[in-house]
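[1] Need coordinates for the below:
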Amino acid sequence: MEATASAGMSKGTAPGASRGALTGGRWRWIAFGTVITAAVMDLLDSTIAQVAAPTIRHQLGGSYAVIEWVTASYTLAMAVGLLTGGRLGDLFGRRRVLLIGMAGFVAASAACAAAANPGELIAARAAQGALGAIMLPQVFGLIRDLFEAHEMGKAFGVYGPVMGLSAMLGPIASGGLISLNVFGTGWRMIFLVNVPIGLLALVTGARLLPAGAAAGGAGARNGQRRRLDLPGAALAGTAMFLLVYPLAQGHELGWPGWLFGMLAASALVLAGFAWYQQRRKNSGAAPLVEVSVFTHRAYSMGILFSIAFIGSLGGIVMIFNVFLQNGLGFTPWHSAVTTAPWAAGAFVGSAIGGITMTKLGRRVLHAGLVVETAGLVGIYLVLRNAGGGVGTVDLLAPMIVGGIGMGMVFVPLFDIVMAGVRPQEMGTASGVLQTTNSLAMSLGIAGLGAIFFALATPTGRTGHVAAYLTAAEWTTLATIGLLAASFAIAFGLPRRAREMDAPEATATPEREAALQSV
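    Now for the predicted structure:
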């Protein structure tokens, strides 16, 4: 994309300055900070709500499905929006789309903080996810606009640790803000903090980010006008909702027949989406998804791997946050501190995975899955032996081990799954993989949450803590089962990671999306 600097860059930098002038100025690092802020806000809002969800339900009321939907509505809306978010930047310019998405994200954050009931909060969270899907795909294109090719390593050398630390510290910050009860806001402050940060980023971004030309004309010159495939996006979104809703609400509603009808309808709508995409391509229009990418067996196996592996994180959310707070009575701060070793381990594991993936290829995925499974087995044994008296120290070692294993899988995953994809299919393959990750997170929270809450209800023979212990134990075993499935599916992945000889290959939206699940 040809980029020009926006007005007011710095003294001596005129409006409409070239990219070269921008990247040579000292202000580009402030502009880079604006881009990172957009990514960090999205990352934090996908993690901090997991810690706050039990407290939110306690204060706003509603069923246990509220806990699932506080996170699932965000990731589901993001999954739907990611299919079109990248195209918006191509059509209208990345800076403009980023700023519009960021402004909407800030407004949605304020709406989350002002929610008076669960329905309002879930709707605002869905709006956050949709606007995050508009904002997030612009990040890496803008970084490429700000820095020359030989400087990409330095830029991503800053970006990676910032995102990793944000993922690690986000849950702790969430627990701290809730416990501090700043100005009596309680859990609402975890959303309110986005407002001043986002507004500052909007001001600096409007002044400093490069204003790139929209790329729609390039498609027109090739005889194919680049327009948004809104019917395709609607079909994909409908299929995802029909799949997630029954899983999230099934236990509460008693699994009436119409929920199974929704599950069947999701398959039919997904088939209709595939047919429509092929028809659109045959007519000469740009499809939302390039269906030929699914002819690569290794890539299709990668999609299945992502569904199983990312879906397993739903069990971790239930065990780490809902069980500790609702079951054992931990405060949000205590829960966040207890689970921090898992995030710290994931940070270490990410470094291990990044260093070894070129040499080991898919074997690093297998190694990471074994290590993570060992950590979860350790957590299961702690729960069995310590019972209701389990404490932070008891969980320390298995938390660290499990986190290391999870981190070892996240960083190499994208480059291994994408190894066999042709260059002209990279855009679709990347977008579908990122969308799959978001959808899998929603499915994991809904599906494993259904198991958890079905077992967490006290009966005449089991008390409150005993019921939650049983739920946590079985959810841990179900999570281990998904990791075992991931281990088997991984044999179908490419043996080696994608070659990373291009600067833009050093970081991807998928890696950032992976960090969101830490």
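[2] So residue 211, which state does it fall into?
    strand (DSSP: H, G, I helix; E, B strand; the rest coil).
[3] Just give me the neighbour total for it.
    A count of nearby residues for residue 211, using other Cβ atoms under 10 Å, gives 17. For the C-beta atoms, the positions are set from N, CA and C on the backbone; glycine is no exception.
[4] Roughly how far does it sit from residue 74?
    As defined by Cβ to Cβ, to the nearest Å, residue 211 lies at a distance of 30 Å from residue 74.
[5] does residue 67 belong to a helix or a strand, and which?
    Assigning secondary structure by DSSP states H and E places residue 67 in helix 65-92.
[6] Just the residues contacting stretch 255-272, thanks.
    Contact partners of stretch 255-272, identified using Cβ atoms under 8 Å, 6 or more residues apart in numbering, comprise 235, 236, 238, 239, 240, 242, 243, 245, 246, 249, 250, 253.
[7] same thing but 10 Å
    With Cβ atoms under 10 Å, 6 or more residues apart in numbering as the test, stretch 255-272 has contacts from 234-247, 249-250, 253, 450.
[8] are any of those buried, and which?
    235-247, 249-250, 450 (16 or more other Cβ atoms under 10 Å).
[9] Show me which of those is closest to residue 144.
    residue 236 (27.4 Å; Cβ to Cβ).
[10] Quick check: that closest one vs residue 33, distance?
    34 Å.
[11] can you check residue 150 too?
    In terms of Cβ to Cβ, residue 150 sits 21 Å off from residue 33.
[12] What strand or helix carries residue 107?
    Under the assignment here (DSSP H and E), residue 107 is part of helix 94-114.
[13] Give the other helices and strands that the helix or strand just after that helix contacts.
    Next along the chain after helix 94-114, taking DSSP H and E as the criterion, comes helix 118-135. Counting contacts by 3 or more Cβ pairs under 10 Å, 6 or more residues apart in numbering; DSSP states H and E, helix 118-135 packs against helix 28-60, helix 65-92, helix 94-114, helix 189-192, helix 426-455.
[14] Compare the ones you listed and give me the one nearest residue 166.
    Closest to residue 166 of the helices and strands packed on helix 118-135 is helix 28-60 (Cβ to Cβ; 4.9 Å).
[15] Show me what counts as buried in the closest one.
    28, 30-57, 60.
[16] what's the distance between that helix and the middle of its chain?
    11 Å (Cα atoms, centre = their mean, to the nearest Å).
[17] Next: stretch 479-489.
    On the basis of Cα atoms, centre = their mean, stretch 479-489 is displaced by 20 Å from the centre of the chain it belongs to.
[18] Now do the nearest residue to residue 100 once chain neighbours are set aside against residue 125, distance only.
    Spatial nearest neighbour of residue 100, excluding adjacent residues (Cβ to Cβ, 6 or more residues apart in numbering): residue 134 at 7.0 Å. From residue 134 across to residue 125, the span is 15 Å (Cβ to Cβ).
[19] More neighbours: these two, which one.
    Neighbours were counted for residue 134 and for residue 125 using other Cβ under 10 Å; residue 125 has more, 28 against 23.
[20] Distance check, the more buried one against residue 329.
    When Cβ to Cβ is the yardstick, residue 125 and residue 329 sit 26 Å from each other.
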